[in-house]
Every structure is written in structure tokens, then in C-alpha cells.
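**Student:** missing the sequence, but the structure's below:
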């Protein structure tokens, strides 16, 4: 990738071997470990408005998920299961172990939230606390698909179509498609919520056809392996043991319909949460509210104190 704008002064860049895939990370701060996972169609850059404040209390690890940003791609011939949330979760556990953090707090937005809750299911010993931003579980999403939800989240169906249909269409104008997608999920309906420097990161990664293809594989996994993994946990009566906090945009993707906390109560033993004023991209549309909610949830009593976005 070309040189990209610096969004995390004081953070170091490091590429760490995941579960067979090199994972690019930005790492900064001191204190207990906190890993923050981005979603589609973004990179670790989505955390730039709140990560510096989080780093005043935590060692903040910001990976690019496999296939995204500057992280590695699955090997030749890999199918969509290589981009399952289970596979991505194994990357994150491997990275955190190599950094010396076998147990950590974790926050995830969008696809990153799906990786985070899958990690909490598969590696309960690793997760101290879990925060999920503007999602409901994959199985709950598919089970509630109706015309209204399908129109709002058409990309779940489009990107999951067999190769090469979505790739052929998106490759004609990948950045334009990405910009449209980003704008359409904000409260304003445009790109005004995003820093141009962050947009440069998002556009640089998505303009690379192999990485755009990887995001389609992510959604193909969402319609197959990820759904199956959720169904298996639900059938077995398993729940996430870690305390779970849900943050959602008041005008975000899951804000309509059945109560979000009610849905998550079926999936985790201890659930709390709150809306913030914005659309889907809560860390960029409502950074102060999102930061305050994360700090309040993640802090231990001895960590209490005020921190604002710088």
C-alpha cells in the first residue's frame, strides 16, 4: 500500500503471526490489555478518534482482521471458511498470546464484533470483558431476516453470492461502492462523519481486488460457517460467560425491531448496554459517547476517573 496518513501518533506498528496469517497491528498505551476489532468496509483506522484516550488506561491493540487493511490474506485455494469468525478469532488469540496477553478485554464493531463474540465463545478463558458495537448475533440476524431487514442490509446477501458475481460488479468501481456503503449507514447519509485521513486508509485497502475479494469471503462465511457455529452453540445451550456490553447507534442497523439487549440476553450470561446518538459507525459518529460507555464498562473500580476524547 502507498504511504497512508498517520492516525495514531505514539502507537507502534507491528506485524505479528496469527493463526497462519500475518496480522498487522497498531499498539499503544500502558495498562491492562484491550484489543479493538474493526468491521466492514474499514480497517483498524476506525478507532482513531477514541484509541488515544483508551491508551491512557490500557495497552490498546488494534489489529487489521485477516484479509483487511495491511494484514495477510488466506492462502491460495482457501475457501470462505478461511474468513470465518472462528478463523479470525484464532488469529487474535495467537496475536495476543505472542504479545504476552493470554487474557484481555475486547471490543468489536460490525464484523469485528462477530469475531469478538465468537472468540468469547471459543476461548472463554481469554476474555475478561466483551463489548459489541452495533450488531446482533449472526444467527439472530438471519433468523429475523424479512423484507425490511433485507433492504437495509442487502450486502449480507449480495456479498455472499458465489464468486465471481459480487467481485466482478464491485471491481468496476470499488472505491465508489465503498464510499456509498459507508455513507448509507450513517445517520446523515453522507461521508461527513469520517475524517478524510481515515477514508484514505479505507479506500487504499478496498481498492486492492484481492482484499475486496476477502471481504466477500467474510460474508460468504457469514452465510455458512458463522451461522452454523452460532446454531451449534444455541442448540447446546452455551452462552458467553464474559460480562457483555452492547453499544448501538440510535439510527444504526440493528436499532429497529426487537430490543437489542433482549436479543443479546439469549447469547450471554450478563448483558447491559446503551444506545448512542448516531448511525452504524458509532466510534466516528459519536466518539465521546462511545468512549465514555467503553471506559465505564471496561474499568475496574481502581481505574475510575474521567477521560475525554483528545
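**Tutor:** Arrived safely. Predicted model, so just to flag it, every value in this text is computed and none were measured.

**Student:** Next one, pLDDT for residue 148 please.
**Tutor:** Predicted confidence (pLDDT) for residue 148: 88.

**Student:** Any idea how many residues pack against the closest residue to it other than its chain neighbours?
**Tutor:** Among residues not flanking residue 148 along the chain, residue 256 sits closest, at 7.7 Å (C-beta to C-beta, 6 or more residues apart in numbering). All C-beta atoms are positioned from the backbone trio N, CA, C, and that covers glycine. Neighbour count for residue 256, taken as other C-beta atoms under 10 Å: 11.

**Student:** quick one: residue 256 and residue 249, what's the gap?
**Tutor:** Separation of residue 256 from residue 249 (C-beta to C-beta, to the nearest Å) stands at 11 Å.

**Student:** Also residue 85?
**Tutor:** Separation of residue 85 from residue 249 (C-beta to C-beta): 21 Å.

**Student:** Then residue 69?
**Tutor:** Residue 69 sits 23 Å away from residue 249, going by C-beta to C-beta.

**Student:** Might you report the residue contacts of residue 261?
**Tutor:** Contact analysis of residue 261 by C-beta atoms under 8 Å, 6 or more residues apart in numbering lists 246, 271, 272, 273.

**Student:** Kindly report the same for residue 63.
**Tutor:** 23, 24, 25, 35, 37, 44, 71, 91, 92, 95.

**Student:** isn't there a helix covering the third one?
**Tutor:** Which is residue 25. No - secondary structure of residue 25 (DSSP: H, G, I helix; E, B strand; the rest coil): strand, not part of a helix.

**Student:** what pLDDT does it get?
**Tutor:** 98.

**Student:** quick one, strands of this structure?
**Tutor:** Taking DSSP state E, the strands of the chain run over residues 12-17, 22-28, 33-37, 59-63, 104-109, 127-133, 244-249, 271-276.

**Student:** By mean pLDDT, point me to the weakest helix or strand of the chain.
**Tutor:** Every helix and strand in the chain was compared by mean pLDDT, DSSP states H and E; the lowest is helix 147-152, with a mean of 90.
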